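Enquirer: Here is the input, now give the coordinates:
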Amino acid sequence: MHRFFVEGTAQQFRLTSDDEHHALRVLRLKKDELIECVLDQVVYLARVSSLDPLHLTPLHPIEESNELPFHLTLLYVVPKGDKWPFVLQKAVELGVSEVIALHSAYSVVHWSKDDMKRKQERHDAIIREASMQSKRSCLMVCHRYISLHEALSLPFDYAFIASEHQKDTPTPFSMNTIQKGQKVALLVGSEGGFSLEEHHLAIAKGFISLSLGPRILRSETAVIVGLSYLTKESMT
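Expert: Below you'll find the predicted structure:
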């Protein structure tokens, strides 16, 4: 069943112009077809009561628990090439609540504030599409670009750094420790990883060094493996 993030009230839903075009021209919704609509993080069953103009009739809320029980933030140093959209998509699929773009000592790519603003519309479109596909009930946020040093001072209940400096030692941590509603972060570097100084600073700030195995992973692979480790208990 198709899912859309809608605007309006619990008595009357409406799609954005882009979503309406997608629904009618790409998905080719039919009159009386049932769809899922998300309004203010509540999922509703709705019926397509009219196509021209498009009208959606709310039926009733749907009980579901697809979201993680904790707030998960991905702190990701911007990579080279076209990896960023891929990482945004996978972060949505793995339940991330927020992605914060970073620059660090070994960064190859540097964005300006104007770059971030210019990319925002594209980022939002990727997040929205991935959220509908993966049946999320809330939209991930991605709107900040800060330095690694700023990121290390953000408040989290638990924060992890995926670092090659920890590759041979298992991470001594049980995810069962994390309680519902707590804030958790995963820090992942770009192609060059983190300097030893950055790694030590993160540990001094309370980050837990997370081992992703003995091999050196591509940054986008490290994101998927790291997020999978942090969410595996909640996905079973």
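Enquirer: thought residue 110 was touching residue 101?
Expert: No. The criterion here is Cβ atoms under 8 Å, and residue 110 misses it with residue 101 at 10.7 Å. (C-beta placed from N, C-alpha, C; glycine too.)
Enquirer: so what's in contact with these two at the same time?
Expert: Listed as contacting both residue 110 and residue 101 by Cβ atoms under 8 Å, 6 or more residues apart in numbering are residue 78.
Enquirer: quick one, longest helix in the protein?
Expert: helix 113-133 (DSSP state H).
Enquirer: From the contact counts, what lies against that one?
Expert: strand 3-5, helix 83-93, strand 141-147 (3 or more Cβ pairs under 8 Å, 6 or more residues apart in numbering; DSSP states H and E).
Enquirer: Can you list the strands that the helix or strand just after the second one pairs with?
Expert: Later in the chain than helix 83-93, the nearest helix or strand by DSSP states H and E is strand 98-103. Taking DSSP bridges as the criterion, strand 98-103 pairs within the sheet with strand 71-77 (parallel), strand 141-147 (parallel).
Enquirer: Ranked by average pLDDT, which of those strands falls at the bottom?
Expert: In terms of mean pLDDT, the lowest-scoring of the strands paired with strand 98-103 is strand 141-147 (a mean of 94).
Enquirer: what about it, distance to the chain center?
Expert: Mean-position distance between strand 141-147 and its chain equals 12 Å (Cα atoms, centre = their mean, to the nearest Å).
Enquirer: distance between the ends of stretch 126-146?
Expert: End-to-end distance for stretch 126-146, by Cα to Cα, to the nearest Å: 21 Å.
Enquirer: Give me the buried positions along it.
Expert: 126, 127, 128, 130, 131, 132, 136, 137, 139, 140, 142, 145 (16 or more other Cβ atoms under 10 Å).
Enquirer: what's the distance between the residue sitting furthest away from the middle of the chain and residue 36?
Expert: Distance from the centre of the chain peaks at residue 52, with 34.3 Å (Cα atoms, centre = their mean). Plainly put, residue 52 is 22 Å away from residue 36 if you go by Cβ to Cβ, to the nearest Å.
Enquirer: Residue 136 now?
Expert: For residue 136 relative to residue 36 (Cβ to Cβ), the value is 11 Å.
Enquirer: can you pull the contacts of residue 142?
Expert: Residue 142 neighbours (Cβ under 8 Å, 6+ apart): 88, 98, 99, 100, 101, 123, 124, 127.
Enquirer: after the helix or strand hosting residue 201, next one along is what?
Expert: Here residue 201, judged by DSSP H and E, is contained in helix 196-204. Downstream of helix 196-204, the first helix or strand assigned by DSSP H and E is strand 208-210.
Enquirer: Please identify the pairing partners of that following strand and their relative orientation?
Expert: Strand 208-210 is paired, per DSSP bridges, with strand 158-162 (parallel).
Enquirer: now the angle from the partner strand to helix 196-204?
Expert: 160 degrees (axes from the mean of the first three to the mean of the last three Cα atoms, to 10 degrees).
Enquirer: and the nearest residue to residue 88 once chain neighbours are set aside, what does it touch?
Expert: Excluding the flanking residues, the one nearest residue 88 by Cβ to Cβ, 6 or more residues apart in numbering is residue 126, at 5.0 Å. Counting by Cβ under 8 Å, 6+ apart, residue 126 makes contact with 85, 88, 89, 92.
Enquirer: Which one of residue 110 and residue 101 is surrounded by more residues?
Expert: Between residue 110 and residue 101, residue 101 has the larger neighbour count (other Cβ atoms under 10 Å), namely 24 against 9.
Enquirer: Nice, that's everything, thank you.
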